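*Asks:* Quick one, structure for this:
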Amino acid sequence: PIVTQRAESPQTTVELTVSNVEPSHQGSYRCRYRVQGSNQTFSSNHSNSINITVVNVQKPTISSSPSTGDLTKGQSFSITCRSASKHSDGKLNLLQSTGGTEVKVASQSVQVELSVNFTFPSANFSNDGNYRCEYETQVSGHTVRTTSLNTAVITVTDVRLAGGGSCAGRVEVYHSGDWGTVCEDGWGLPDAD
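*Replies:* This is a model prediction of the structure:
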């Protein structure tokens, strides 16, 4: 398609923006300017071409096992990332967000299988957080990334006996980064089992 944009004097550049890129926008583009005189029109030669490639990179999905994401310290768990995008050099990254900081904790290339199972053999408190999957690929020399819409929430808990001996004291539970006391009258050995 031909797009015309009027440049006001002394403007020397014009920027054209496509806000919602569609597959129909893929192709080769070039520019030229035209000046309308009183009796004559002057036109430049066409510029060099630029090629636009439109790629549909779908958002990956994420799931965890166990599905609730509530774990006891030392328990094994896994997070599975899946993508429907099929690019020859794609990879799935697992991102963890804790306290406002997001870091890549694992990454695996995908070519035929578009699913990666990231396994954690023994949960510890550093595994607490929100996890997202990111699909990453190269398109025309540029890195393209898209992240999952949903998250997998992993919460690691632990139980300890504090302020007493081996059979007496205060039962505390570690949950969401803090130790808290179990408050229950008449709580005893049968409840601990």
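*Asks:* only C-alpha atoms for contact and neighbour calcs from this point on.
*Replies:* Noted.
*Asks:* And the lowest mean pLDDT element among the helices and strands of this structure?
*Replies:* helix 189-192 (a mean of 68; mean pLDDT, DSSP states H and E).
*Asks:* What pLDDT does the model give the residue lying farthest from the centre of the chain?
*Replies:* Within the chain, the residue lying farthest from the chain centre (Cα atoms, centre = their mean) is Asn39, at 58.1 Å. For Asn39, the pLDDT comes out at 86.
*Asks:* I'd like the numbering to begin with 58 instead of 1 from here.
*Replies:* Noted, 58 is the first residue going forward, which turns the last one into Asn96.
*Asks:* can you pull the contacts of it?
*Replies:* By Cα atoms under 8 Å, 6 or more residues apart in numbering, the contact set of Asn96 is empty.
*Asks:* now Leu218
*Replies:* 225-229 are the contacts of Leu218 under Cα under 8 Å, 6+ apart.
*Asks:* Could you grab the helix/strand/coil label for it?
*Replies:* Three-state call for Leu218 (DSSP: H, G, I helix; E, B strand; the rest coil): strand.
*Asks:* for it, which residues make a bridge with it?
*Replies:* Following DSSP bridges, Leu218 is listed with bridge partners Val228.
*Asks:* List phi and psi for the residue nearest the centre of the chain.
*Replies:* For the chain, the residue nearest the mean C-alpha position is Thr204 (2.9 Å; Cα atoms, centre = their mean). The phi/psi pair for Thr204 (degrees, to the nearest 10) reads phi -110, psi 160.
*Asks:* For it, which non-adjacent residue is closest in space?
*Replies:* Glu191 (4.2 Å; Cα to Cα, 6 or more residues apart in numbering).
*Asks:* what's the helix or strand for that neighbour?
*Replies:* strand 186-196 (DSSP states H and E).
*Asks:* Quick one: distance of that strand to the chain centre.
*Replies:* 4 Å (Cα atoms, centre = their mean, to the nearest Å).
*Asks:* elements contacting it?
*Replies:* Contacting strand 186-196 under the criterion 3 or more Cα pairs under 8 Å, 6 or more residues apart in numbering; DSSP states H and E are the following elements: strand 118-122, strand 147-155, strand 199-204, strand 209-219.
*Asks:* Can you give me the neighbour number for the residue nearest to Thr204?
*Replies:* Glu191 has 24 neighbours, counted by other Cα atoms under 10 Å.
*Asks:* I figured it hits Leu206, correct?
*Replies:* No - using Cα atoms under 8 Å, Glu191 makes no contact with Leu206, being 9.8 Å away.
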